[in-house]
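S.K.: Here you go, sequence then predicted model.
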Amino acid sequence: MDRLLADIEATAREAAQIMLKAGNSPAHVKEGHYNYVTDADVQVQKLLIERLHALVPDAEFLAEEQDNQRLSAAPTFIIDPIDGTLNFMRSRQCSAISIALLRERRPVLGLIYDPYRDELFTATLGGGARLNGHEIRVSDVPLERAMVGIGTSPYNPALARRTLDIACEFLLSAGDLRRIGSAALDLCYIACGRADVYYELQLSPWDFAAGALIVSEAGGRFALPRNGRADELDFGVPGCVLATNARCYQAALDVLMRHGV
């Protein structure tokens, strides 16, 4: 697994050069509110699939910029070529490449690379989580002092009111809120203790699959709450995401449940 992780790291760094050199990459409107894809997204994804297929020839792929089949038990790469496309379009330098390898529908390897800060977050199942090779752990901050990251699910306007109602409750019961615009990086920041809680009411698997493993291997809690439950993880469909340190988990989950998640 270490050799494979090193090869995937090299692939991510190669693909990141497309991001760094893209400049004002042409953007195109996708289905949904305020939803875009750039030519750089497509180019990064093409390179990733070519390189990763060579590394794991029997792997299937779930990727943001393609039509996808249902997640199977086969080895599967779930990739987001540029998580934080809107940030990328506006030169905010807060975007990342996200790659997860699943076996039997569960992540066994996760990698998220932020080329602007040259920060590489990695995890393997049972092997811990790392930032640039150094072990990372979640914080031990309680909810009343927590920094809470939020995602606004902008592609689904029907979730706007509930998202902000939940944010308001966290603002009154926790420390403060942050919105950075990249779910993959939000999850990494939970894993390394830069934030304590992160939620978003709807994300796709390529947004959260790698980050889920990184958070869990850093000692945190990752859940996909649905219909009043949070004990099932399905990496094949979009879902509500909650990631926290261990200390905040139940209180943060209770907030979401009070708002009908």
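M.R.: Perfect, I can see it now.

S.K.: Backbone torsions only: list them for residue 170.
M.R.: Main-chain dihedrals, residue 170, degrees, to the nearest 10: phi -60, psi -40.

S.K.: Average pLDDT for the strand or helix carrying residue 184, rounded please.
M.R.: Taking DSSP states H and E as the definition, one finds residue 184 inside helix 183-191. Per-residue pLDDT values over helix 183-191 give a mean of 98.

S.K.: for the spatially closest residue to residue 63 that is not a sequence neighbour, what are its contacts?
M.R.: Computed as CB to CB, 6 or more residues apart in numbering, the closest residue to residue 63 that is not its neighbour in sequence is residue 79, at 4.8 Å. All C-beta atoms are positioned from the backbone trio N, CA, C, and that covers glycine. By CB atoms under 8 Å, 6 or more residues apart in numbering, the contact list for residue 79 reads 45, 48-49, 52, 61-64, 97-100, 206.

S.K.: quick revisit: after the helix holding residue 184 comes which helix or strand?
M.R.: Along the chain past helix 183-191, the next helix or strand (assigned with DSSP H and E) turns out to be strand 197-203.

S.K.: ok now the next helix-or-strand element following that following strand, how far from the chain's centre?
M.R.: Next in sequence after strand 197-203, counting helices and strands by DSSP H and E, comes helix 205-217. Taking the mean of its C-alpha atoms, helix 205-217 sits 6 Å from the chain's own mean (CA atoms, centre = their mean, to the nearest Å).

S.K.: Helix 205-217 versus strand 197-203: what angle between them?
M.R.: 150 degrees (axes from the mean of the first three to the mean of the last three CA atoms, to 10 degrees).

S.K.: Can you verify my assumption that residue 48 contacts residue 97?
M.R.: Yes. Residue 48 lies in contact with residue 97 (CB atoms under 8 Å); the separation is 7.4 Å.

S.K.: Mind listing the shared neighbours of the two?
M.R.: By CB under 8 Å, 6+ apart, the residues touching both residue 48 and residue 97 are 12, 15, 79, 81.

S.K.: Identify those among these that sit within strands.
M.R.: Judged by DSSP state E, strands contain the following of the shared contacts of residue 48 and residue 97: 79, 81.
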